[in-house]
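Chemist: below are the sequence and a predicted model for it; my questions follow.
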2 protein chains.
Amino acid sequence: MAEKLQNRINRTIAVDSLNKGIGYLNRALVPGEVSKLGWNLLREDLSLPAAVLYEDRIAHNLSWMKRFVEAYGVRLAPHGKTTMAPRLFEMQLESGAWGITLATAQQTQVAYAYGVRRVLMANELIGKENMAIIGRLIEDPSFEFYCLVDSGAQAHQLGEYFSAVGRRLNVLVELGVSGGRAGVRDEDQLRSVIAALECRSNSIVLAGVEIYEGVLDDESSIRTLLERAVAVTRTLIDEKLLQRTPAILSGAGSAWYDVVAEVFSAAGFGDSVEIVLRPGCYVTHDVGAYREAQAKILERNPIARKMNAGLVPALQVWAYVQSIPEEDRAILGMGKRDAAFDAGLPVPAQHFRPGDTGPRPAPAHWTVTKMMDQHAYMRITAGDDLRVGDMIAFDISHPCLTFDKWRLLPILNVDYQVVDLVQTFF
Amino acid sequence: MAEKLQNRINRTIAVDSLNKGIGYLNRALVPGEVSKLGWNLLREDLSLPAAVLYEDRIAHNLSWMKRFVEAYGVRLAPHGKTTMAPRLFEMQLESGAWGITLATAQQTQVAYAYGVRRVLMANELIGKENMAIIGRLIEDPSFEFYCLVDSGAQAHQLGEYFSAVGRRLNVLVELGVSGGRAGVRDEDQLRSVIAALECRSNSIVLAGVEIYEGVLDDESSIRTLLERAVAVTRTLIDEKLLQRTPAILSGAGSAWYDVVAEVFSAAGFGDSVEIVLRPGCYVTHDVGAYREAQAKILERNPIARKMNAGLVPALQVWAYVQSIPEEDRAILGMGKRDAAFDAGLPVPAQHFRPGDTGPRPAPAHWTVTKMMDQHAYMRITAGDDLRVGDMIAFDISHPCLTFDKWRLLPILNVDYQVVDLVQTFF
């Protein structure tokens, strides 16, 4: 599979010189050629700002999550919307992932184009052209696809489209909670969806049950939702309403996957149910919302606690100091166009002066106080050893909204040498 | 110029089927071919969510701003970082713009690649590879380029690089304010920059003065800064320190361009100074921060007030209702991945049910209460005529951070027919 994917990638992507965060190119390249260019971040071969991934840390995170899901005997379908990077999907699949989770028809189309052959679209499929995209993809019998349904109205719309094109669509019924996002709230809504699906059974196949616990924020409510999902799955199996063997039971974003793994695996379904977890942020992790979430996971989960080191942040944005107009204020060439700002501002992590042998940790008192579209304000202290032209590496919070600011992200080895290039498709 | 630009665009862009917000393609196209496909938004030919531009409203805004700057006899260099769309740059230049403003070397490279031949990079140029990008571009004698300088340290770094490659770089000195972004704060800093520039005069050409008043938020402080910029320009001209005739005096983001036009043109420089304004958001406008700013402009500026209609919002994001899980709550397939959320959430503007003849205005009580990465929560009232599969058009606040979520934006005519496609380069 890996070789097949790499072939597709080499065949179809061309990196041109108009992208931010890369080095000079006098012709279009495929990413596989990039390592031969000898680009090094510390030699200033990249145009900053640049978002970079660290090879060793990505490998660590992939391996950590592989061992975590194996310990629970559950499947992993990492949420691909985080990165929308087929090169990372490929690494996740090589690291044992069962499939890739996505949020939209377009995202599914991207994954398919780069060789992914099992997708859980953890979202309702709505609209003529979106159904058409999926309809064309599932013409390929090697492509396994699931999406969500949470209302009779939606089930009928899907049924009409897929029976007209003569295809059968696999769906999971989504359970939701009051005040939450999509998903059936109660038994009445569930039965209304089931009835619509039975009526549309020539074109819609009910394969399992899905929840997204991340709309809740306390463990007790989450456990209640998970127990409900287990109970509904059991009932639907008993009533022979699930037409996949094993049935699918899926949950888990990046903050509560441990509790989901624990509750779902404790249900004792054995071979009759495939439990599929969908965290997305673990691959790069962060130093904000997900670091906090991971700290709680390490506190409460005995299996995670026994594993080495936890997840590590593998994504940084590097930028230049472009002005120090006041003695306690530096202006950086990085802004809302370059890094997420919705779950905490970027955190100065490393400081490098071109010509030095290597970066030093940034002093803890350097703090980003504000971001504009293309700039960040960093508070420093008068007399700090910081100069215009110095480079700062920022750790970030919320990798999803950082990835979608970049079309290309270099992967660096421990010597800051560019060894690969990750292309995104947002 | 227009023809030349269109040739470049047709030669170099290919639209493939992996992008969100467009219709089905079975082969790569150039944008010029898109109008022949007959895509219509209301016939659901586009995969939603989709960000769209309205041809007539863009034309209105271009014409409005053209007449505004002509009334003051000032130049327009629209900030291109807003859209990063060469097709819109082309329209702006056709509509009389003097040049395009940009924020980074990479952005400049994109504009150059699509035929823009005068760029004001309203930012300090920092770093080896960024200088190399600009160094290569200014090898073309037909390319006129200006960037900013605000410290002796930076002036020396530029001087070293550009004298080594044997090129002369045009710069404007940036004036800034205490507590603001970059820019010299006082006379001492100004003189230190001037001294460094004189020392580097073989490779650096001081062509004028620049300010960005948008870091301030009250008119009185802004007028003080503008008067200071006028005074500094006058002094530098008197001291024969500006080596361009006419000298350049530039300011103005999208909220205060009227005051900048008024103060700078009232200075009476005549032919000795080219006044260059740099608003960016006017081309699409919005219904949030910039609508408010524009309302104030119409209040305080007699010329704007005399002109018809003001600016109109020309950018919307369309999305499907994907679930109505509670009677007062709809879930939309549009999230932080699709629209700006940093200056107000999107506002439901139109409601369309596939099969109807046309959209109706969305009821005023429909309100977006929260956005997640791929979803929005919309508050409705029990009994509202809203169904799963309905389409909602959202007005947005902060066009810059909406554009950068999209690689392709269809342009629609008044019948919602796709007549063109705008590609972005973030």
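Modeler: Done, it's in.

Chemist: I'd like the distance from stretch A:408-426 to the chain centre, please.
Modeler: 17 Å (CA atoms, centre = their mean, to the nearest Å).

Chemist: model confidence over that stretch, on average?
Modeler: The average pLDDT for stretch A:408-426 rounds to 96.

Chemist: that one vs chain B: in contact?
Modeler: Yes. Contact of stretch A:408-426 with chain B (CB under 8 Å from any CB of the partner chain) involves A:Phe425, A:Phe426. (Each C-beta comes from the backbone N, C-alpha and C, glycine too.)

Chemist: let's see that stretch as PDB, backbone CA atoms only.
Modeler: Extracted C-alpha coordinates of stretch A:408-426, given in PDB (Å, rounded to 0.1, in the frame of the first residue of the first chain):
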ATOM      1  CA  LEU A 408       3.200  22.900   2.200                       C
ATOM      2  CA  LEU A 409       4.900  21.900   5.400                       C
ATOM      3  CA  PRO A 410       8.500  20.800   5.300                       C
ATOM      4  CA  ILE A 411       9.400  17.800   7.500                       C
ATOM      5  CA  LEU A 412      12.700  18.300   9.300                       C
ATOM      6  CA  ASN A 413      15.200  15.800  10.700                       C
ATOM      7  CA  VAL A 414      17.000  16.500  14.000                       C
ATOM      8  CA  ASP A 415      19.600  18.600  12.100                       C
ATOM      9  CA  TYR A 416      16.800  20.800  10.800                       C
ATOM     10  CA  GLN A 417      17.400  19.400   7.300                       C
ATOM     11  CA  VAL A 418      14.300  19.200   5.100                       C
ATOM     12  CA  VAL A 419      13.800  15.500   4.400                       C
ATOM     13  CA  ASP A 420      10.200  15.600   3.000                       C
ATOM     14  CA  LEU A 421       7.400  18.000   2.200                       C
ATOM     15  CA  VAL A 422       3.800  17.500   3.300                       C
ATOM     16  CA  GLN A 423       1.100  19.000   1.000                       C
ATOM     17  CA  THR A 424      -2.300  19.800   2.400                       C
ATOM     18  CA  PHE A 425      -5.700  19.900   0.600                       C
ATOM     19  CA  PHE A 426      -8.100  22.300   2.300                       C
END
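
Chemist: show me what counts as buried in that stretch.
Modeler: A:408-412, A:416-418, A:420-426 (16 or more other CB atoms under 10 Å in any protein chain shown).

Chemist: also stretch A:284-302?
Modeler: For stretch A:284-302, by 16+ other CB under 10 Å, it's A:284-291, A:293-294, A:297-298, A:301.

Chemist: of the residues you listed, which is the nearest to chain B?
Modeler: For these, the residue nearest chain B by CB to the nearest CB is A:Ala289; the value is 12.3 Å.

Chemist: and the nearest residue to that closest one once chain neighbours are set aside, what does it touch?
Modeler: What sits nearest to A:Ala289 in space, not counting adjacent residues and going by CB to CB, 6 or more residues apart in numbering or on different chains, is A:Ala343, at 4.5 Å. By CB atoms under 8 Å, 6 or more residues apart in numbering or on different chains, the contact list for A:Ala343 reads A:Gly288, A:Ala289, A:Ser397, A:His398, A:Leu401.

Chemist: format those as a markdown table; extra columns: secondary structure and pLDDT.
Modeler: Compiled in a markdown table, these are given as follows (DSSP: H, G, I helix; E, B strand; the rest coil; pLDDT from 0 to 100):
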| residue | secondary structure | pLDDT |
| --- | --- | --- |
| A:Gly288 | coil | 81 |
| A:Ala289 | helix | 82 |
| A:Ser397 | coil | 89 |
| A:His398 | coil | 87 |
| A:Leu401 | helix | 92 |
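
Chemist: and the residue of the stretch 301-426 of chain A nearest chain B?
Modeler: A:Ser323 (3.7 Å).

Chemist: tell me the SS of that residue?
Modeler: Secondary structure, DSSP: H, G, I helix; E, B strand; the rest coil: A:Ser323 is strand.

Chemist: hmm, B:Gly183 and it touching each other?
Modeler: Yes. Using CB atoms under 8 Å as the test, A:Ser323 is close enough to B:Gly183 to be in contact (7.5 Å).

Chemist: residue boundaries of the strands in the stretch 101-250 of chain A?
Modeler: For the stretch 101-250 of chain A, the strands defined by DSSP state E, counting those that start in this stretch cover A:118-124, A:144-149, A:169-175, A:204-211, A:247-251.

Chemist: and those as a markdown table, adding distance to A:Asp390 and mean pLDDT?
Modeler: Shown next, in a markdown table, are the strands of the stretch 101-250 of chain A (distance: least, CB to CB, whole Å; pLDDT from 0 to 100):
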| stretch | distance to A:Asp390 | mean pLDDT |
| --- | --- | --- |
| strand A:118-124 | 42 | 98 |
| strand A:144-149 | 48 | 98 |
| strand A:169-175 | 49 | 98 |
| strand A:204-211 | 47 | 98 |
| strand A:247-251 | 45 | 98 |
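
Chemist: and of these, who's closest to B:Leu93?
Modeler: strand A:118-124 (40.8 Å; CB to CB).

Chemist: the closest one - contacts with which helices or strands?
Modeler: For strand A:118-124, the packing partners by 3 or more CB pairs under 8 Å, 6 or more residues apart in numbering or on different chains; DSSP states H and E come out as strand A:100-102, helix A:105-113, strand A:144-149, strand A:247-251, strand B:315-326.

Chemist: switch the cut-off to 6 Å
Modeler: Counting contacts by 3 or more CB pairs under 6 Å, 6 or more residues apart in numbering or on different chains; DSSP states H and E, strand A:118-124 is packed against strand A:100-102, helix A:105-113, strand A:144-149.

Chemist: ok, which of the ones you listed comes nearest chain B?
Modeler: With CB to the nearest CB, the closest approach to chain B among those belongs to helix A:105-113: 4.1 Å.

Chemist: in terms of pLDDT, where does the spatially closest residue to the residue of the stretch 301-426 of chain A closest to chain B that is not a sequence neighbour sit?
Modeler: Nearest non-adjacent residue to A:Ser323, counting by CB to CB, 6+ apart: B:Ala182, 3.7 Å away. Looking at B:Ala182, its pLDDT reads 98.
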